[in-house]
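1. predicted coordinates and the sequence they were generated for:
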Amino acid sequence: MKINVYRIDGTVQEEIELPRAFQMPYRPDIIKRVVHCFQSNARQPYGMYYFTGMRRVGHNWGPNHGRSRVPRVADGDRGVISTNMVGGRNVFGPTTKRKWYRKVNKKERFLAKLSALSQTANKDMVKKRGHIVPENITLPVVMEDKLEDINNMDVLINVLDKLGLKNDIERAKRGTRIRAGKGKSRGRKYYTPKSILFVVNNDENLKKAMNNLPGVEIVTPTNLNAEILAPGSHAGRLVVMTMGALENIKGWVL
């Protein structure tokens, strides 16, 4: 499969052949398993205090009150301590001893990465994931290494506009919304859809340029994994990579 290499002015520099790593068959089952393991391993163990629900004084009223004989608070009739009633303690509450960590075989993890990487070259899958992609562009979007020298956001947006990729960033901006649930009060108030993924050899300059762009991420080839290429186990991420990064991927063979 041949794709174009683009200059930062939007013109085509040359045509190249995609590496073998992009020819891996689509395996959604393995991608889902590996991504879920990544998400599980990122969770922080949590639990409750072992004495929770027992820090109350409860009295049994005894017989002849027309009420069940359960421990109740002294200044009312609310049940406490016992587990078989409303207001009682939790029987099996969350504990930090729960094992969240899941192991994944190295080859299975690598297969999931290659499978997710191959779908970045599939325009139908990229569009199905919700990205806005021009019809006249080849995927993944490979650019000259001068892209890594950009350290200004306005310059980067101008480059993406010439390629027709600016609309996808605007889509992520429009899709930013307030999260439902308790996460609003836990430091993650807003939810932003995923947008372009930049894959470069040196991210020092480009990271400054894309710092405030919604949904945009940057990564080096060595840090690529199935979760980054297929967020939420949904393959088809819109990827922009440099020629240098593509050279590193050429050696990826299962």
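-> Received the coordinates, thanks. What you see is a predicted model; the values in this text were computed from it and never measured.
2. and the residue nearest to residue 6 when sequence neighbours are not counted, what pLDDT?
-> In space, and not counting its chain neighbours, residue 6 is closest to residue 143: 5.0 Å by C-beta to C-beta, 6 or more residues apart in numbering. For glycine as for every other residue, the C-beta is placed from the backbone atoms N, C-alpha and C. For residue 143, the pLDDT comes out at 96.
3. and residue 143, how many neighbours does it have?
-> 25 (other C-beta atoms under 10 Å).
4. cool, and residue 97?
-> 7.
5. what sits against the residue lying closest to it once chain neighbours are set aside?
-> Nearest residue to residue 97, sequence neighbours excluded (C-beta to C-beta, 6+ apart): residue 47, at 7.5 Å. Going by C-beta atoms under 8 Å, 6 or more residues apart in numbering, residue 47 touches 93-98.
6. and if you look at residue 238?
-> Per C-beta under 8 Å, 6+ apart, neighbours of residue 238: 120, 126, 129, 131, 133, 139, 141, 165, 168, 195-197.
7. go on, residue 81?
-> So residue 81 contacts 53-54, 56, 58, 71, 88-89 (C-beta under 8 Å, 6+ apart).
8. how about residue 142?
-> Contacts of residue 142 (C-beta under 8 Å, 6+ apart): 3-6, 16, 241-243, 246.
9. adjacent strands (with direction) for the helix or strand harbouring it?
-> Following DSSP states H and E, one finds residue 142 within strand 141-143. Next to strand 141-143 in the sheet, as set by DSSP bridges, lie strand 2-6 (parallel), strand 239-242 (parallel).
10. what's the angle between the next helix or strand after the first one and strand 2-6?
-> Pointing back at strand 2-6 there. Moving toward the C-terminus from strand 2-6, the next helix or strand (DSSP H and E) is strand 12-17. Strand 12-17 runs at 150 degrees relative to strand 2-6, counting by axes from the mean of the first three to the mean of the last three C-alpha atoms, to 10 degrees.
11. need the contact list for residue 252.
-> Counted by C-beta under 8 Å, 6+ apart, residue 252 has contacts 19-21, 110, 114, 117.
12. ugh, wrong one, I meant residue 8
-> Taking C-beta under 8 Å, 6+ apart, we find residue 8 in contact with 143-144, 146-147, 150, 159.
13. need those residues in TSV (columns: distance to residue 84).
-> Below are the contacts of residue 8 laid out as TSV (distance: C-beta to C-beta, whole Å):
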residue	distance to residue 84
143	66
144	70
146	71
147	65
150	65
159	66
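14. filter those down to the buried ones and hand me the ChimeraX line.
-> Command for ChimeraX that selects the buried part of the contacts of residue 8, burial taken from 16 or more other C-beta atoms under 10 Å:
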select :143,144,147,150,159
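15. ok so, going back, what about the residue nearest to residue 97, which SS state?
-> coil (DSSP: H, G, I helix; E, B strand; the rest coil).
16. now, the contacts of residue 47 that are in strands?
-> In strands, judged by DSSP state E, none of those are found.
17. okay, which residue of the protein is out on the far edge from center?
-> Largest separation from the mean C-alpha position in the chain: residue 64, at 60.3 Å (C-alpha atoms, centre = their mean).
18. ranges for the strands of this protein?
-> 2-6, 12-17, 59-60, 71-72, 141-143, 177-178, 190-191, 197-199, 217-219, 239-242.
19. between those strands, which gets nearest to residue 78?
-> Residue 78 lies closest, by C-beta to C-beta, to one member of the strands of the chain: strand 71-72, at 6.3 Å.
20. packing partners for the closest one?
-> strand 59-60 (3 or more C-beta pairs under 8 Å, 6 or more residues apart in numbering; DSSP states H and E).
21. how does this structure divide into domains?
-> The chain is divided into the following domains under automatic domain parsing: 2-43+101-249, 45-99.
22. which of those sits most buried?
-> Across these, averaging neighbours per residue (mean count of other C-beta atoms under 10 Å) puts domain 2-43+101-249 on top, at a mean of 17.
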